[in-house]
Each structure stands twice: as structure tokens, then as C-alpha cells.
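Student: 3D, please:
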Amino acid sequence: MKNEREPVKCPWCKNGAKLKYENFPLKKHNIYKCLKCGIMFQYPIPDINTLYSTEYFDAWGNEELLSITKKENFKILISLLNKYNLLNIKTLLDIGSAQGFLMEVAEENGWRSTGVELSENVRVLNRDIQKKIKYGNFIDMVFEEKGFSAITSISVLEHIPNPIDFIEKVNNLLMKNGVWLVLVPDINSFSRKVLGKRWPHFNLPHIFYYNCDFFKKEMSKYNFTPIYCKTHYSIYSIFYILNQIKINSRGLISLLAKKSLKILPSFVLKKKIKLKGGNLLVIFRKR
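Tutor: Numbering: from 1, shown residues only. You can find the predicted model right below:
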């Protein structure tokens, strides 16, 4: 592993970076901040093919309770797609489709959807949706060029080790004046500034950490203009919050969350709360 005295370059802009958090996460990787473009990134970059096992997806918990949170949030995102879609066609590519919940909501709103998911370990309960998901590495897949009026990548871009290749492929698949909706952890968020190294988004699968200034400065190089860039308020169920505490915490706090998940009645676990989760929602228009 490189130490602080050895130069590390930003994978995005190739400029120098300074060590921000050492030996984190799991004491195997460091987190650096680029001195020019301002993003943070993990180094060394982990092998993403080893991260998304069946256990990774099982840790999300009960699909029925999870769907309450996910679908409620995806209704907000699809309403934004409907608002900013200027084209007379509603064809959607959802990259990182997971259980297919966003695709379900999109189709309820008149979109024809196609999904992409890296891992076949994730369970999709809706069999009609599952048939529309392609499994494997998005970069290697073949689609009709300029075939989509909208593309979504929810909690995906922070996982991508080669983001420039990813963005260029999105550009090739999106129609002119189409929209690309992105949700990523926001390093300028209040929660990151308060929690510092203990910010829950600093975990092994998250390679890059972005902010709005970065997207405004850098994405024009790739034919994209940000038309919406705001801190995102998400709707969380009590189940989802406790499950995330159980997964991402240690010791007594994790044990208390685990116990609460077992003893709380279903109607309490389903209760929904609107919170800032440290995420940034960005909508790009392709020029």
C-alpha cells in the first residue's frame, strides 16, 4: 500500500491527492482527496467482483419491508424524470437495478424499462421485471446506440472503478436532450462534515465520493449539463434505518439494532421517516 509520502493521483483528473483518512475502511485502504477537482476516493481500489456476494444483498433484509422504502423514494425520482423528460418517448435504462423496484415504479408511470445488474445474487421477486434485466458488467454490454430517453444510476456511480468509461457509455446510449439521473454520496453533506471518518458512506464498496461543484465543473467534458443538483431527502422505514445500523455499526449499538428488528412489531418497522441521508441527487441533460 502507498503511504502518505508516496504520490497518489486522482483517477478522474490525474492531479495530485492528499491523504484524508488512513487505514480505512477495514484497515486495508486509504481515502484521499483530490487537490484540484475536490472529490474523495479510495485507494487502493478494491476488486468490485469480490464484493457483491449473496450475503451482501441478504444484508439488506426482508424484501417486502425493503420495498416500502425503495418504492416510496423511487416514486419521487420517477416524478422528476417525468418533469424533466422533454422527449415524446419514455424509454428507460436503469443501471444497477437490484431488485427491480425502480423499474416497477417506472412502468406504472408509462415507461418502457430495461435493467442492468452486475450480480445475479440479488433476488427479483417480480418475474416480469426480472426478464427485462441484463446481468453482467454494464461496460461490456451491447445496446442500441441512442436508444434511451432516460437513464438512471441510483447509488451506482460511487461503486464504479472506471467512471470515465462508464460515463462515455451512458453518453452513447442516451438520446440528445435525454436525462441521466444520478444519486451518489455527497462529501459536502452535513452528515459527512459532522461524522467525519465515521460517515456511513465511507465503506469498502464505495470507491468515489462526489459533490455538486465537481459535477458542474467536470461533466461538460462528457456532453452533460447538470440541470438539477441538490441534497436529497430520502424516505426511510424504521426497518431500513435499524438494518443499516446493524450492518454498519459495531458493538452494543449494532446488537441493540439487531434486537430491535426482532422484537418490534411489523407496523412499527413499516413506519416511514423523511431524512437527509447524506446523498446528492443530480439530473444531467445530454447536449
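Student: Neighbours of Val179, how many?
Tutor: Burial of Val179, expressed as a neighbour count using other CB atoms under 10 Å, amounts to 26. Backbone N, C-alpha and C define where each C-beta goes, glycine included.
Student: What's the separation between it and Leu173?
Tutor: Counting by CB to CB, to the nearest Å, the separation of Val179 from Leu173 is 13 Å.
Student: contacts for the longest helix seen in the chain?
Tutor: The residue-count maximum for a helix in the chain (DSSP state H) belongs to helix 63-84. When contacts are taken as CB atoms under 8 Å, 6 or more residues apart in numbering, the neighbours of helix 63-84 outside the stretch itself are 60, 92, 99, 101-102, 104-106, 109, 111, 123, 125, 150, 152, 154, 179, 181, 183, 227-228, 234-237, 239-240, 266, 269-270, 272, 281, 283, 285.
Student: and the closest residue in space to Leu264 that isn't next to it in sequence, what does it touch?
Tutor: The spatially closest residue to Leu264, leaving aside those adjacent along the chain, is Ile238, at 7.1 Å (CB to CB, 6 or more residues apart in numbering). With contacts defined as CB under 8 Å, 6+ apart, Ile238 is in contact with Leu264, Val268, Leu269, Lys270, Lys271, Ile273.
Student: Over to Pro265: give its phi and psi.
Tutor: phi -70, psi 160 (degrees, to the nearest 10).
Student: repeat for Leu118
Tutor: phi -60, psi -40.
Student: separation between it and Cys34?
Tutor: For Leu118, the distance to Cys34 equals 26 Å [CB to CB].
Student: re the thing from before, with just CA atoms, put the longest helix of the chain into CSV.
Tutor: Coordinates of each C-alpha in helix 63-84 appear next as CSV, following Å, rounded to 0.1, in the frame of the first residue of the first chain:
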residue,chain,number,x,y,z
GLU,A,63,-37.6,-7.7,0.6
GLU,A,64,-41.2,-6.9,1.4
LEU,A,65,-40.1,-4.3,4.1
LEU,A,66,-37.3,-3.0,1.9
SER,A,67,-39.7,-2.4,-1.0
ILE,A,68,-41.7,0.0,1.2
THR,A,69,-38.7,2.3,1.5
LYS,A,70,-37.3,1.8,-2.0
LYS,A,71,-40.6,2.3,-3.9
GLU,A,72,-41.6,5.4,-1.9
ASN,A,73,-38.3,7.0,-2.9
PHE,A,74,-38.4,5.8,-6.5
LYS,A,75,-41.8,7.4,-6.9
ILE,A,76,-40.1,10.8,-6.2
LEU,A,77,-37.3,10.1,-8.7
ILE,A,78,-39.7,8.9,-11.4
SER,A,79,-41.8,12.1,-10.9
LEU,A,80,-38.6,14.1,-11.5
LEU,A,81,-37.9,12.1,-14.7
ASN,A,82,-41.4,12.8,-15.9
LYS,A,83,-40.9,16.5,-15.2
TYR,A,84,-37.6,16.9,-17.0
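Student: Thanks a lot, see you next time.
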